[in-house]
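Q: how would this look folded up:
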Amino acid sequence: MTTDMMFVFGLLGTTVILFLSNKMRMDTIALMVVIALALSGVLTPAEAVSGFGNAVVIMIAGLFVIGEGLYKTGVAAAAGNWLLKVGGSSEQRLLMCLLPVVALLSAFMSSTGAVALLIPVVLSMASKSGMQPSRLLMPLAFAALIGGMLTLIGTPPNIIVSSQMRAAGFEPFGFFAFTPVGLAIFIVGMLYLVFVSKYLLPSAKQVKSEEVRSNLKEFNARYGTHNQLHKLIVQPHSPLAFRTLADVGLRSEFEVTVVGIERRGSWLSNLMPVLANTQLKHADILWAYGDPNNIDNACQALQLGCLQYKEKELSRLNDIFGVAEVIVPPLSRLCDRSIKDSQFREHYNLSVIGVRRDLAPLSTEFAQTKLSAGDTLLLAGSWQHIRNIERKRDFVVLDTPTEMQEIPETASRAPIALMITFGLLLAMTFGWVANLTAILIAALLMVVTKCLSLNDAYKSLNATSLVLIAGMLPLALAMEKSGALSYVVNLLAAEYGHASPLFLCAGFFLLTTLLSQFISNTATTVLVAPIALSISQMLNISPEPLMVTVAIAASTAFATPIASPVNTLVVGPGQYRFADFAKVGIPLQILALIVTLALVPIVFPF
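A: Alright, predicted model coming up:
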């Protein structure tokens with residue numbers, strides 16, 4: 001064993017111990033590895049930092065941008081809502097819906113890409129269902145890795161063993177050759193992830209800033225506006241037709257505040273914010289706040305109809321309109337002026353639906369009351385106008401509801417984001433261009449088409465994950481360059497090369513899965529597959545069982561967060577520790593080993 005080998009083995013052991021100790025950030029440890037390799041001379045300085053220019057790191061960065069585009073446009077939330085509708089709030093049912101989706105995607109595209117695209121969906125689901133993301137993200141990553149076992153193109157190890165079979169003069173594997181074994185592992189793995197892993201997954205509360213925010217119901221209770229939302233219709237002979245709300249004086253005369261207008265077109269019904277110059281038409285639906293008695297008076301005087309509304313309509317309304325709580329500061333132009341005199345709607349395109357003074361809500365006639373410094377107002381209007389008030393000096397925003405965090409900022413761009421993502425999936429599935437090229441094009445299109453801003457794109461880059469991957473990739477290169485990896489593989493091959501075929505399958509599975517926890521599954525397969533092929537020829541048995549075993553085992557990178565970029569992606573959002581992966585992943589590796597040893601000899605006889 002050379003000095004370089006000893007250094008690399010020592011560095012690997014130290015790195016694993018530091019990861020397990022959980023006393024330092026994982027990205028810090030990765031940077032320490034880079035520095036150690038550069039100083040040791042095992043790698044040149046350029047090779048030591050080569051991970052930062054690696055295609056995998058650039059691809060993952062691009063996928064972060066694409067995922068953020070799906071989040072900003074509301075696509076991720078819509079997908080999460082659909083899964084929540086199907087799966088409900090049950091963790092088990094959600095996983096049963098989610099895991100087949102990610103596995104199917106991973107069978108035809110990069111598992112890293114599939115997970116990156118679904119992370120925003122899972123985070124949205126977790127937020128709305130009240131679950132911790134850690135309960136869903138690790139199963140998501142593991143299902144994606146298993147999904148890669150389903151087809152020839154699902155993961156690089158499958159392609160590598162097939163190409164090596166062809167190079168050795170054997171029949172290469174077909175597109176669905178791995179499917180029987182991969183599907184069986186997925187079924188067993190899904191049962192484990194759904195019904196067993198819940199006892200092993202971390203369940204510490206994920207504390208986020210949004211949790212201290214109020215929700216819409218709490219705002220309504222605070223200002224006494226609960227049960228004051230009404231759905232009105234402008235009837236044919238109503239004097240409101242072709243007049244603006246300012247002209248009619250609904251607020252000043254009847255203490256009724258209109259916050260939204262629904263206008264029916266020939267094909268669809270549009271919900272519109274109420275602006276100062278909004279002109280009403282016959283059959284318009286008015287969403288208004290007011291005391292029931294005041295609503296009745298307004299309906300009689302202005303020939304309005306009062307309609308019942310369903311919970312589904314209210315949910316749709318909340319997607320467009322919302323509320324915010326603000327305080328009037330001492331130097332505000334609103335001080336000593338009533339809401340009516342200040343022409344509030346004309347200036348801010350928002351309606352005041354409640355006022356509190358000295359912690360008590362004012363009467364419904366607050367529109368005529370002069371405001372004082374320290375008064376808090378409950379404002380209603382479109383989410384966009386609510387976001388705009390944060391830049392105003394006339395008041396200070398105290399609180400916005402949790403629902404505002406779920407409202408997409410660029411919802412109108414959702415069809416564009418979907419088309420970009422669909423194009424990316426097609427390009428990666430059929431190989432029209434290189435995966436890196438396809439991802440970079442899609443990420444750029446997300447920004448160019450304004451699905452998200454350039455600033456949002458930069459903010460979406462998870463530096464912890466990117467530095468961790470970039471810092472650990474050179475360690476794999478050091479193991480190859482120093483001969484440490486070949487040393488381990490050849491040592492084991494010499495020791496167990498003459499064992500029974502089934503024992504060989506078990507040995508190659510364990511060797512491959514062990515190596516794949518610390519270096520890429522591609523590098524592991526490149527090194528182990530030729531040895532498996534040589535031993536099968538030496539024993540005069542079919543190479544297919546051993547080669548399939550190597551390919552399957554290379555994808556069982558479940559035990560460490562650095563085993564695969566897929567795992568690394570979920571470390572930050574899930575707030576996982578290094579040991580969490582071993583606790584959940586090692587039993588899954590054992591199950592995969594059992595299924596492989598049971599099925600491979602049947603599907604691929606020796």
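Q: And the nearest residue to Gly174 once chain neighbours are set aside, its phi and psi?
A: Counting by Cβ to Cβ, 6 or more residues apart in numbering, Gly174 lies nearest to Leu152, which is 6.9 Å off, once chain neighbours are set aside. Quick note: C-beta positions are derived from backbone N, CA and C, even for glycine. When read as degrees, to the nearest 10, the backbone of Leu152 gives phi -60, psi -40.
Q: In three-state terms, how would Ile233 be classified?
A: Here Ile233 is recorded as strand under DSSP: H, G, I helix; E, B strand; the rest coil.
Q: where does it land on pLDDT?
A: Reported pLDDT at Ile233 in the predicted model: 90.
Q: What about it, how many residues nearby?
A: 17 (other Cβ atoms under 10 Å).
Q: Test of understanding: give the bridge partners of it.
A: For Ile233, the beta-bridge partners are Ile285, Gly305 (DSSP bridges).
Q: Test my guess that it contacts Ala283.
A: Yes: Ile233 lies in contact with Ala283 (Cβ atoms under 8 Å); the separation is 6.7 Å.
Q: show me the contacts for Thr525.
A: Pro156, Pro157, Ile160, Val161, Thr512, Val550, Ala551, Ala554 (Cβ atoms under 8 Å, 6 or more residues apart in numbering).
Q: OK, contacts around the nearest residue to Met24 once chain neighbours are set aside?
A: Distance criterion Cβ to Cβ, 6+ apart; nearest residue to Met24, sequence neighbours excluded, is Leu18 at 6.0 Å. Residues near Leu18 by Cβ under 8 Å, 6+ apart: Met24, Ile29, Met32.
Q: Whichever of these end up buried, select them in PyMOL.
A: Provided next is the PyMOL selection string for whichever of these are buried by 16 or more other Cβ atoms under 10 Å:
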select buried, resi 29+32
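Q: Which members of the contacts of Leu18 are positioned in helices?
A: Counting by DSSP state H, the contacts of Leu18 place Ile29, Met32 in helices.
Q: close enough to count as contact, Ser342 and Ser332?
A: No: Ser342 is beyond contact range of Ser332, at 9.6 Å (criterion: Cβ under 8 Å).
Q: before we move on, the earlier item: please work out how many residues are found near the residue nearest to Gly174.
A: So Leu152, with other Cβ under 10 Å, has 19 neighbours.
Q: quick one, what contacts it?
A: Leu152 neighbours (Cβ under 8 Å, 6+ apart): Asn158, Ile159, Ser162, Phe173, Gly174, Phe175, Phe176, Ala177, Phe178.
Q: Can you list which of those are found in strands?
A: Here DSSP state E is the test, and the contacts of Leu152 give no hits in strands at all.
Q: Narrow the residues you listed to those that are buried.
A: Asn158, Ile159, Ser162, Phe173, Ala177, Phe178.
Q: My understanding was that the second one contacts Ile153; is that so?
A: In this case it means Ile159. Yes: the pair Ile159 / Ile153 is scored as a contact, 6.7 Å apart, by Cβ under 8 Å.
Q: all helices for the stretch 301-450 of the chain, in order.
A: 311-320, 344-348, 383-388, 402-405, 414-430, 435-448 (DSSP state H, counting those that start in this stretch).
Q: rank those by mean pLDDT and give me the bottom one.
A: helix 402-405 (a mean of 54).
Q: what about stretch 327-335, start to end distance?
A: With Cα to Cα, to the nearest Å applied, stretch 327-335 spans 11 Å between its terminal residues.
Q: mind listing what's buried in that stretch?
A: Under 16+ other Cβ under 10 Å, the buried positions of stretch 327-335 are Ile327, Val328, Ser332, Leu334, Cys335.
Q: Once you drop chain neighbours, what's closest to the last one?
A: Leaving aside its sequence neighbours, Cys335 sits nearest to Ala373 (Cβ to Cβ, 6+ apart; 5.5 Å).
Q: confidence score at that neighbour?
A: 79.
Q: Arg333 is in contact with that one, correct?
A: No: counting by Cβ under 8 Å, Ala373 does not reach Arg333; the two are 11.7 Å apart.
Q: among the helices of the stretch 301-450 of the chain, which is nearest Ala144?
A: Of all the helices of the stretch 301-450 of the chain, helix 414-430 sits nearest to Ala144, with 13.9 Å by Cβ to Cβ.
Q: the helices in the stretch 1-150 of the chain, which residues?
A: So, for the stretch 1-150 of the chain - with DSSP H, counting those that start in this stretch - the helices run 3-21, 26-40, 45-48, 55-72, 75-87, 91-108, 111-129, 134-147.
Q: For this structure, name the helix or strand with the lowest mean pLDDT.
A: helix 402-405 (a mean of 54; mean pLDDT, DSSP states H and E).
Q: Next, the contact list for Tyr576, please.
A: Applying Cβ under 8 Å, 6+ apart, the residues near Tyr576 are Ser134, Leu137, Met138, Pro202, Pro561, Val570.
Q: ok, now with 10 Å
A: Residues near Tyr576 by Cβ atoms under 10 Å, 6 or more residues apart in numbering: Met26, Pro133, Ser134, Leu137, Met138, Ala141, Leu201, Pro202, Pro561, Asn567, Val570, Val584.
Q: Which phi and psi values does it adopt?
A: The phi/psi pair for Tyr576 (degrees, to the nearest 10) is phi -80, psi 150.
Q: What ranges in the stretch 51-200 of the chain fall below the confidence cut-off?
A: Applying pLDDT under 70 to the stretch 51-200 of the chain picks out residues 76-77, 80-81, 84, 88-89, 109-110, 113.
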